[in-house]
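# coords below, sequence missing:
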């Protein structure tokens, strides 16, 4: 069976002398594994389009659950990421998260769009990489079924919580004075970070990165987003640790 689809290369691993084993996030089939034969050979027509974080149009051949890349052409190489180690490593963290939260051979256009928009944001000087990271992490949680409840304090019901905090475990916001022991670990947000969090949760996909935040609020939002994702992923991400070492 042949299938022509666009795909984001989440991961690529060398196989034997000249092949690549790819983890792809495709438009039509969702996440799948495919073999790109000869992609590492000199002058291979598959070389450019099968690099990590490349978005490409691919013709895949499927047989008994195994996929092979027959043809591939670059759609978006995200070149700014390729020339900056910090940006590239953060992009690889996004890819690792997409791989962790996507389902094998199940199309998820919203998740794919989030990944592509976030990679574009990383490569554009218009956007702050730390805000792109926070927006990606929080929106990924929303799309994965872990959307935080941010409309009002979970205890007293105030729409404008006093000294707002985010419960990392329960996914709700609350006034600092309303904190209960069953809320577990929490992150202080402040009014500015809460406003940004509310925007990320509800913004249209194309406008997800159209917000700004500076100073301590930016730091608090970033800490909350990362802690929230890691708590619900229940695992560590090696690419995140590497990004922190080179940023």
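Here it is on my side, so go on. Only a predicted model underlies this, so the values are computations on that prediction, with no experimental measurement involved.
# who's in contact with the residue most central in space within the chain?
The chain has residue 94 as the residue nearest its centroid, 3.7 Å off, counting by Cα atoms, centre = their mean. Taking Cβ atoms under 8 Å, 6 or more residues apart in numbering as the definition of contact, the neighbours of residue 94 are 115, 118, 119, 122, 136. In this view, the C-beta of every residue, glycine as well, is placed from N, C-alpha and C.
# before we move on, what about residue 1?
Counting by Cβ under 8 Å, 6+ apart, residue 1 touches 61, 62, 63.
# what's the closest of the residues you listed to residue 106?
Using Cβ to Cβ, residue 62 is the member of the contacts of residue 1 that sits closest to residue 106, with 15.0 Å.
# isn't there a helix covering the closest one?
No: secondary structure assignment (DSSP: H, G, I helix; E, B strand; the rest coil) places residue 62 in strand, not in a helix.
# tell me which residues in the helix or strand containing residue 174 are buried?
Element membership of residue 174, judged by DSSP states H and E, is strand 173-175. Using 16 or more other Cβ atoms under 10 Å as the test for burial, strand 173-175 gives 173, 174, 175.
# Check stretch 155-171 too.
Within stretch 155-171, the residues that qualify as buried are 155, 161, 164, 165, 166, 167, 168, 170, 171, counting by 16+ other Cβ under 10 Å.
# From the chain's centroid, how far away is it?
A distance of 25 Å separates the centroid of the chain from that of stretch 155-171, by Cα atoms, centre = their mean, to the nearest Å.
# quick one: contacts of that stretch?
By Cβ under 8 Å, 6+ apart, the list of residues contacting stretch 155-171 from outside reads 146-149, 151-154, 172-180, 182-191, 194, 197, 224, 227-228, 231.
# avg pLDDT for that stretch?
Mean pLDDT, stretch 155-171: 95.
# So which other helices or strands are in contact with the strand holding residue 174?
With contacts defined as 3 or more Cβ pairs under 8 Å, 6 or more residues apart in numbering; DSSP states H and E, strand 173-175 has these neighbours: strand 164-167.
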